[in-house]
Structures are given as structure tokens and as C-alpha cells.
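Visitor: Predicted coordinates and the sequence they were generated for:
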Amino acid sequence: MAEQITLLEAKLQNTEKDVLELRSLIGGTPRVAFSAALRDSGSGDIGPFSTFTPLKYKKVFSNTGNSYNPSTGIFTAMVKGMYFFRFSMFVSTVPNSVVSLMRNGERLSSVWDTSGSDTHDSGSNAVVIPLEVGDNVYVELYANKKVYDDGMNYNTFSGFLLFTM
């Protein structure tokens, strides 16, 4: 009987630990979300640059969790989890733009418009991806390409944590 009581006490302690851990997860769920536009003021082209260049989205609408850095244009995961990212691109005059969503230097998805005589073209793309702590996500402008904005916030970059893993 004493052996069974000792076993039940151990199980009870483990169950209490599990309950405390679950409470901490529910009450302490990380909140990560950001949304930003390319320009905080002014108008005109960004680019072209001679090399592939991360775009710096300066007009921050929200940055819960402070994972997005407007000085670099880079989102850095502070929590391991599954994330959603979306970006948009706008080009004026003769279309000449290619932008890509990048994770740690790896191209995930792109939007482009580089031919034709039409003007004012736009596009967007999105992904759902797993990230490890420290992973970087950013939007990259291809070399010798450009995007345009005039305060209407055509070029945006947003992301949020769906769930932790």
C-alpha cells in the first residue's frame, strides 16, 4: 500500500507540473505581428541598386514583439514557430521591378514585372513558413530594379506568428 501511495504522489506531482506548464503557455503566449510600408514620407523610386538589396520598410504600422527592424528591413524570429508573411510591390513608369521574400538568404517567393509598355503595375505574394529562433526574413529588391511609392503605401511587408512549435 505504501508503494502505491508513493507512486500516486509522484504521478500527482508530475500532473501538477504539467498543469503549471500548460497555464504558463496559455497565459504567456508570445505575441508577434508587424506591418510596415516602404516610405514614411516623400515619393519616388527606391533603386535601382547595383546589388540585390533588402528593402527597408520605414513606416511601421505595428510591431508587436519588436521583431521587425525598420533600420534594416529585417524580421528576426524571437520565437520558434509557424509564421505568415505577405509583401507587395508597386512599380510606375516603364515596369522594371522584381522583389523576393527571403529567409536567411534563401529565396521563398517573388513578384515581378519587367516587360511591356504599360505603367503602374503591382503584385503581392505570401507564404506560411516555420522559423527557428534567430531566423531572418526580409524582402529583397533585385539588382538594377526599382519600386515606386508616393505615400499611398503600395509597397508593404507584414508578418505574424501563427503558433509556436
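Guide: In hand now; what should we look at? Residues are numbered from 1 along each chain as shown.

Visitor: Any idea how many residues pack against the closest residue to Ser124 other than its chain neighbours?
Guide: Excluding the flanking residues, the one nearest Ser124 by C-beta to C-beta, 6 or more residues apart in numbering is Ser88, at 4.0 Å. In short, each C-beta sits where N, CA and C put it, glycine included. Counted with other C-beta atoms under 10 Å, residues neighbouring Ser88 total 21.

Visitor: In terms of secondary structure, what does the host helix or strand of Ser88 contact?
Guide: Per DSSP states H and E, Ser88 falls inside strand 81-91. Here strand 81-91 touches strand 97-103, strand 106-113, strand 121-131, strand 136-141, strand 147-149, strand 156-164, going by 3 or more C-beta pairs under 8 Å, 6 or more residues apart in numbering; DSSP states H and E.

Visitor: What about Asn153, how many residues nearby?
Guide: Neighbour tally, Asn153, other C-beta under 10 Å: 18.

Visitor: I'd say it and Ser35 touch.
Guide: No - applying C-beta atoms under 8 Å as the test, Asn153 and Ser35 come out as separate, 9.9 Å apart.

Visitor: Look up the pLDDT of Ala2 for me, please.
Guide: Listed pLDDT for Ala2 reads 81.

Visitor: Now the phi/psi pair for it, please.
Guide: As for Ala2, its main-chain torsions (degrees, to the nearest 10) stand at phi -60, psi -40.

Visitor: Then Asn14?
Guide: According to degrees, to the nearest 10, Asn14 has phi -60, psi -40.

Visitor: And for it, the neighbour number?
Guide: Neighbour number of Asn14 under other C-beta under 10 Å is 10.

Visitor: Could you pull up the contacting residues of it?
Guide: Under the criterion of C-beta atoms under 8 Å, 6 or more residues apart in numbering, Asn14 has no neighbours.

Visitor: how near is it to Leu7?
Guide: 11 Å (C-beta to C-beta, to the nearest Å).

Visitor: Phe160 now?
Guide: Taking C-beta to C-beta, one finds Phe160 at 45 Å from Leu7.
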